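1. Quick one, fold the following:
(2 chains)
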Amino acid sequence: MPHPHQKNLLSSVQMAHFVATGALRMDAVVPDEMNRQAIEVLDNGIPGVPYGTPLSEAFVDSEFVQRLVQLPEVAGAIHSLVGPEPTVDHHAVHIRRAHEGEAQNLHGDAIIDVREDAFDVQLMYYPQDVTLEMGGTLSIPGSHLRRTNESDTGRYQNLRGQTRLVCPAGTVQFLHHGIWHGGRKNDSAIDRYMFKIRFNPTVRQVRLWNLEDLYDDQVAHELGQTFPWYEGATGRLEIYNRVKLWQAITGDDTYDPDYWVTRVTNRPQRVVSQRSVNPHAKKVIA
Amino acid sequence: MTTPAVTTAQQTVRQQVLVLYLASSALDARVVGWSNYDGTGETSPTTGDSDVPPYESGLDALKDGWRLFQAAQLLPPQPGHEYDVSFLKHEFFFEKLV
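-> Below is the predicted model:
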């Protein structure tokens, strides 16, 4: 895959948004001409790919998917998030049939994954307009750093501030591997299609995006946001954890705009000599 | 001698369960998440079916006749895991018998 043009890489503000929310959405980024082809392509199935196949080799049998991942904005986002030549973990076509009666439990994919300085992303592509009734993907902003295993969160039906995806045709979203999500019940008369690819990085995910705005105030604003479903106290820990992730992917362990990390790691080692007030100290005889 | 007929009305009481997740350990704290399970089978609440919580606080659920039957314990973090985030902490189970 060629290196994306600088203008198509994500900005630091967009990366900070991803670090805070666990998601990045690009509305109608796929052209209509591809969206019109997509249903037939997805109905026919995308050929399987062995785990860990380099992206440039993974879809030699699927011209459609090659075009999808090579769209300038999509390629720029993939590069920014996981770097050059990621491997394909797996891909899947998800179809929620019309009036399909069941919603998926809220879950994180794969198994509990507590990496602090690396992450996978999942590309999700929606070739149709998705209405609320069609049961677009449910995801929970800011849930990606929670240490829970797969569907152990299945008890949670609704969280305040959740995202019930409604989007125009051609929308792509990128999700952090840990985000809580699930396919919602399709109450419409239209089959709903989604195609996803999970990418594994093959390089350290450090400063892979457009760094021109690295210290823009909006970066701190993104990293400091909270979500309506957070409990007050745990919400502070969320910011602590996302600042640690931001420090890891920027390589700057001094960046801590709201001081959450600095305060609790401050253990000075310098000792101020108290010799002059110690009555047992040996007297220096000149 | 005659025995009067005894008619026993067989009534089955069923449980409706409401789970509220609150913003702190206080029962009158704001609702941040919710789930419903209906033992009567008349409704089928499910994942992602509403953006609006049924009550603003746990106390509001009590006022509406829900009976609290379980509250999450307050547990200290495990040493070395003080900054970890995981499940929602302040989980309250309510019921109505119908």
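
2. quick check, the longest helix anywhere in chain A touching chain B?
-> Taking DSSP state H as the criterion, chain A has its longest helix at helix A:232-250. Yes - counting by C-beta under 8 Å from any C-beta of the partner chain, chain B is contacted by helix A:232-250 at A:232-234, A:237-238, A:240-241. (Glycine included, C-beta is placed from N, CA and C.)

3. Following element in sequence after that helix, please.
-> Downstream of helix A:232-250, the first helix or strand assigned by DSSP states H and E is helix A:260-265.

4. Remind me what that following helix packs against, helices and strands.
-> Other helices and strands packing on helix A:260-265, by 3 or more C-beta pairs under 8 Å, 6 or more residues apart in numbering or on different chains; DSSP states H and E, are helix A:232-250.

5. if we look at the helix it packs on, which residues are touching it?
-> If you take C-beta atoms under 8 Å, 6 or more residues apart in numbering or on different chains as the criterion, helix A:232-250 is touched by A:15-16, A:19-20, A:116-117, A:142, A:145, A:205-208, A:214, A:223-224, A:226-227, A:230, A:253, A:255-258, A:260-261, A:264, B:23-24, B:83-85, B:89.

6. cool, stretch A:105-117 as well?
-> A:120, A:122, A:138, A:140, A:146-151, A:153-154, A:156-157, A:177-182, A:198, A:204-205, A:244-245, A:248-249, B:47-48.

7. Output it as PDB, nothing but the C-alphas.
-> Output of stretch A:105-117 as PDB, limited to C-alpha atoms (Å, rounded to 0.1, in the frame of the first residue of the first chain):
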ATOM      1  CA  ASN A 105     -25.800  -8.400  23.800                       C
ATOM      2  CA  LEU A 106     -23.400  -5.500  24.500                       C
ATOM      3  CA  HIS A 107     -19.900  -6.900  24.100                       C
ATOM      4  CA  GLY A 108     -16.300  -6.300  23.300                       C
ATOM      5  CA  ASP A 109     -14.900  -8.400  20.400                       C
ATOM      6  CA  ALA A 110     -12.400 -11.300  20.900                       C
ATOM      7  CA  ILE A 111     -11.200 -11.600  24.500                       C
ATOM      8  CA  ILE A 112     -10.200  -9.100  27.200                       C
ATOM      9  CA  ASP A 113      -7.300  -7.100  25.800                       C
ATOM     10  CA  VAL A 114      -5.500  -4.800  28.200                       C
ATOM     11  CA  ARG A 115      -2.600  -3.600  26.000                       C
ATOM     12  CA  GLU A 116      -1.700  -0.100  27.100                       C
ATOM     13  CA  ASP A 117       0.500   1.000  24.200                       C
END
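
8. so how many other residues sit close to the residue lying closest to residue A:152 once chain neighbours are set aside?
-> Take residue A:152 and drop its neighbours on the chain: the residue closest to it by C-beta to C-beta, 6 or more residues apart in numbering or on different chains is residue B:87, 7.6 Å away. Around residue B:87 there are 15 other residues, counting by other C-beta atoms under 10 Å in any protein chain shown.

9. Surely residue B:87 and residue A:153 touch.
-> Yes - with contact defined as C-beta atoms under 8 Å, residue B:87 counts as touching residue A:153 (7.1 Å).

10. quick one, what contacts the residue nearest to the spatial centre of chain A?
-> With distances taken as C-alpha atoms, centre = their mean, the residue of chain A nearest its centroid is residue A:176 (2.7 Å). Each residue near residue A:176 by C-beta under 8 Å, 6+ apart is listed here: A:18, A:22-23, A:119-121, A:144.

11. switch to 6 Å and redo it
-> Going by C-beta atoms under 6 Å, 6 or more residues apart in numbering or on different chains, residue A:176 touches A:22, A:119, A:144.

12. Can you give me the neighbour number for the spatially closest residue to residue A:183 that is not a sequence neighbour?
-> The shortest distance from residue A:183 to any non-neighbouring residue, by C-beta to C-beta, 6+ apart, is to residue A:104 (4.5 Å). By other C-beta under 10 Å, the residues close to residue A:104 number 20.
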